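Novice: Dropping a prediction and its sequence here:
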Amino acid sequence: MMKVIKFEDEEKWLEYRKGKITGTRLKDIISKNGTKQKKIGFYEIIADRISIPPDNENRLERGHRLEDCAIRKFEKKTGKKVENDLVMWVRGDNEDIALSPDGYIGTKEAVEVKCLASAKHIEAYLTQKIPSEYEYQVLQYFICNDDLERLYFVFYDNCCPIDMFYLIVDRADIPSTKIAEYLQLEKETLRHIDLIIQSMLF
């Protein structure tokens, strides 16, 4: 039997919608092809129910502000001392192939921090997978630094009960042929860019 609930204002209506499957959200929860793979709406409902509502801070500004806190928590949990000066890593044979690490522990270990929206944070925690949109960023760490052995991919969301966790990517986890292939692609792309610039300027 259907139940009708009335609200005095939109704010209360919006609050009541949280953590529920609505018509708007259904497409982000149910997979048409019948797979059991979870869609983002699944994690959004969990986030609605367990995370503290975020303020209206810009996502990029929030990420920068929380990055230092994430690194301090990572240090406390692992006992590792992380340098997080403002630096660029560049390849010795081509300084146009570069990366700005969020943190580093000598030259053999690095730290990348992501302060994602709560649903994405929870998805990464439950699946124990780095979101696919960061695949090339992970790869670039190992392309830039031939000495790098391990990347700690740190997730931090101060709105969630489990606010910080990290996943480890070792060089051995990535086929060396893939690193070499993408390094070569970057070099070829840069050469092509140089040729275009030369043709336009001279």
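Specialist: Okay, I see it.

Novice: neighbouring contacts of the helix or strand containing residue 72?
Specialist: Taking DSSP states H and E as the definition, residue 72 sits inside helix 59-78. The set of residues external to helix 59-78 that reach it, using Cβ atoms under 8 Å, 6 or more residues apart in numbering, is 54, 57, 80-82, 84, 102-103, 111, 113-115, 117, 152, 154, 156, 158, 163-164, 166. The way it works is simple: take the backbone N, C-alpha and C, and place the C-beta from them, glycine included.

Novice: likewise stretch 182-192?
Specialist: Stretch 182-192 has contacts (Cβ under 8 Å, 6+ apart) with 94, 96, 97, 136, 139, 143.

Novice: Show the average pLDDT along that stretch.
Specialist: Mean per-residue pLDDT for stretch 182-192: 87.

Novice: ok, now stretch 101-121?
Specialist: 92.

Novice: Next, the buried residues of it.
Specialist: Using 16 or more other Cβ atoms under 10 Å as the test for burial, stretch 101-121 gives 101-105, 109-121.

Novice: Compute the first-to-last residue distance for it.
Specialist: Stretch 101-121 has an end-to-end distance of 20 Å (Cα to Cα, to the nearest Å).

Novice: Closest to the centroid, which residue in this protein?
Specialist: With distances taken as Cα atoms, centre = their mean, the chain has residue 114 as the residue nearest its mean C-alpha position (4.4 Å).

Novice: That one reaches residue 156, doesn't it?
Specialist: Yes: applying Cβ atoms under 8 Å, one finds residue 114 in contact with residue 156, separated by 7.5 Å.

Novice: just to revisit the earlier point, strands - which of the buried residues of stretch 101-121 land there?
Specialist: Within the buried residues of stretch 101-121, residues falling in strands by DSSP state E are 103, 104, 105, 109, 110, 111, 112, 113, 114.

Novice: ok, now how distant is the second one from residue 181?
Specialist: Think residue 104. Computed with Cβ to Cβ, to the nearest Å, the distance linking residue 104 and residue 181 is 25 Å.

Novice: picking that back up, most neighbours of all the contacts of stretch 182-192, which one?
Specialist: Neighbours here mean other Cβ atoms under 10 Å. Within these, the largest count is held by residue 143, at 25 neighbours.

Novice: Quick check: closest non-adjacent residue to it.
Specialist: Excluding the flanking residues, the one nearest residue 143 by Cβ to Cβ, 6 or more residues apart in numbering is residue 183, at 5.0 Å.

Novice: Name the helix or strand for the one you found, please.
Specialist: helix 176-201.

Novice: If we go by neighbour counts, what in that helix is buried?
Specialist: Buried residues in helix 176-201, counted by 16+ other Cβ under 10 Å: 179, 182, 183, 186.
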